[in-house]
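> Everything below, folded, please.
(one chain, ligands or ions: 1)
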Amino acid sequence: MTVLASIRDLTVTYRRDGSEVAALKDVSFDIMAGERLAIIGESGSGKSTLALAIAGLLPASSLVGGRLEWPGHGQPPLGGRDIGFVFQDPSASLDPVMTVGKQIAEVARTHLGLAWPQAYAKARTLLQRVHLPDPDSALRAFPHQLSGGQKQRVAIAAAIAAGPKLLIADEATSALDTIVQAEIVALIRRLAAEDGMTLLFISHDIALAAELAERIAVFRHGQLVELGATARIVGAPTQTYTRALLDAHIGLDAEPLLNRSELHG
Ligand SMILES: Nc1ncnc2c1ncn2[C@@H]1O[C@H](COP(=O)(O)OP(=O)(O)OP(=O)(O)O)[C@@H](O)[C@H]1O
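Next up, the predicted model:
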């Protein structure tokens, strides 16, 4: 496997109201080309900051130390073209007054240089690929006419429209109910495999991350706590913090099982 991105001693500090908040501290690891890597950790652990740093989208006021290298690239990749983003809330990334078709077509026009008819044809194909029912009417729909899960499918179609090498899904399923969440995870997995994309799946949910990722990186307070193959992280974590995250899940899962056996016993 080749290295897609090499992150070394990455440190990010935000300035807020005259004080400084350290969001990432001396983070070093490699993202391998074509892998599915999950970034997990509690709220505030620095996951989104890491995603923004990788995409070159950190606010100008942040202080950045360390290095981020892309060995296979002459120039750093461009967010939106070489790196696709899917966020938690599709309503925030979709324009409420523009049709779904135009939003996806616009990405293809901007980054692939397609004329409108070709860009719309591409948008239609993408809507089929993300399994929106009736792609022709979906092209003409406005975001508010779609369900939360459908909007997230549209956001995914727009994120992959320019054929990115890296897809970053930042809590992309957190606002959805469990069944839709599983469908969206399956969709992301399929699209990444079909297009040979590297996937960075950011989540606070270690169980969900384990379903999808080949490797898991655990973050806490802006630091990389441990990184390894999913089976190793889940089966034999070396860090107490990772064990605590796993135990929290087992605890949640175990309770209904216990109640059921009490009822039937
Ligand atoms: N633009 C900003 N200005 C100042 N501080 C920020 C900014 N963005 C994030 N932070 C702070 O940096 C730290 C890391 O935040 P970050 O959003 O990266 O974590 P996270 O793990 O993605 O959390 P969440 O899951 O809640 O989004 C937090 O303490 C947060 O309050």
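
> Residue ranges in the chain under the pLDDT threshold?
250-265 (pLDDT under 70).

> who in it is up against the ligand?
Near the ligand, the residues belonging to the chain are 14, 16, 21, 23, 41, 43-49, 59, 204 when assessed by CB under 6 Å from any ligand atom. For the C-beta atoms, the positions are set from N, CA and C on the backbone; glycine is no exception.

> which residues of this structure fall in strands?
3-16, 19-32, 36-40, 63-69, 83-86, 166-170, 198-203, 215-220, 223-229 (DSSP state E).

> how about JSON lines for these, with distance to residue 244 and mean neighbour count added?
Compiled in JSON lines, these are given as follows (distance: least, CB to CB, whole Å; neighbours: other CB atoms under 10 Å):
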{"stretch": "strand 3-16", "distance to residue 244": "25", "mean neighbour count": "17"}
{"stretch": "strand 19-32", "distance to residue 244": "20", "mean neighbour count": "17"}
{"stretch": "strand 36-40", "distance to residue 244": "12", "mean neighbour count": "25"}
{"stretch": "strand 63-69", "distance to residue 244": "28", "mean neighbour count": "13"}
{"stretch": "strand 83-86", "distance to residue 244": "28", "mean neighbour count": "24"}
{"stretch": "strand 166-170", "distance to residue 244": "23", "mean neighbour count": "23"}
{"stretch": "strand 198-203", "distance to residue 244": "16", "mean neighbour count": "24"}
{"stretch": "strand 215-220", "distance to residue 244": "10", "mean neighbour count": "23"}
{"stretch": "strand 223-229", "distance to residue 244": "11", "mean neighbour count": "17"}
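
> Tell me what residue 202 is bridged to.
The residues paired with residue 202 through beta bridges, assigned by DSSP bridges, are residue 39, residue 170.

> Report the contact partners of the closest residue to residue 24 other than its chain neighbours.
On the basis of CB to CB, 6 or more residues apart in numbering, the spatially nearest residue to residue 24 that is not a chain neighbour turns out to be residue 12, at 4.3 Å. With contacts defined as CB atoms under 8 Å, 6 or more residues apart in numbering, residue 12 is in contact with 22-24, 46, 49, 53, 58, 62-65, 222.

> Could I get the contacting residues of residue 220?
Applying CB under 8 Å, 6+ apart to residue 220 gives the contacts 41-42, 45, 241.

> Out of those, flag the one nearest to the ligand.
Minimum distance to the ligand across the contacts of residue 220 is 4.1 Å, recorded for residue 45 (CB to the nearest ligand atom).

> The closest one: neighbour count?
Counted with other CB atoms under 10 Å, the burial measure for residue 45 works out to 23 neighbours.

> same question, residue 183
As a burial measure, the neighbour count of residue 183 was computed by other CB under 10 Å and equals 16.

> do residue 92 as well
8.

> Please enumerate the helices of this protein.
Taking DSSP state H as the test, the helices found in the chain are 47-54, 90-93, 100-112, 116-129, 135-140, 148-160, 178-195, 206-212, 230-235, 240-264.

> Would you mind saying which of those helices lies nearest residue 7?
Taking CB to CB as the criterion, helix 47-54 is the member of these that comes nearest to residue 7, at 7.5 Å.
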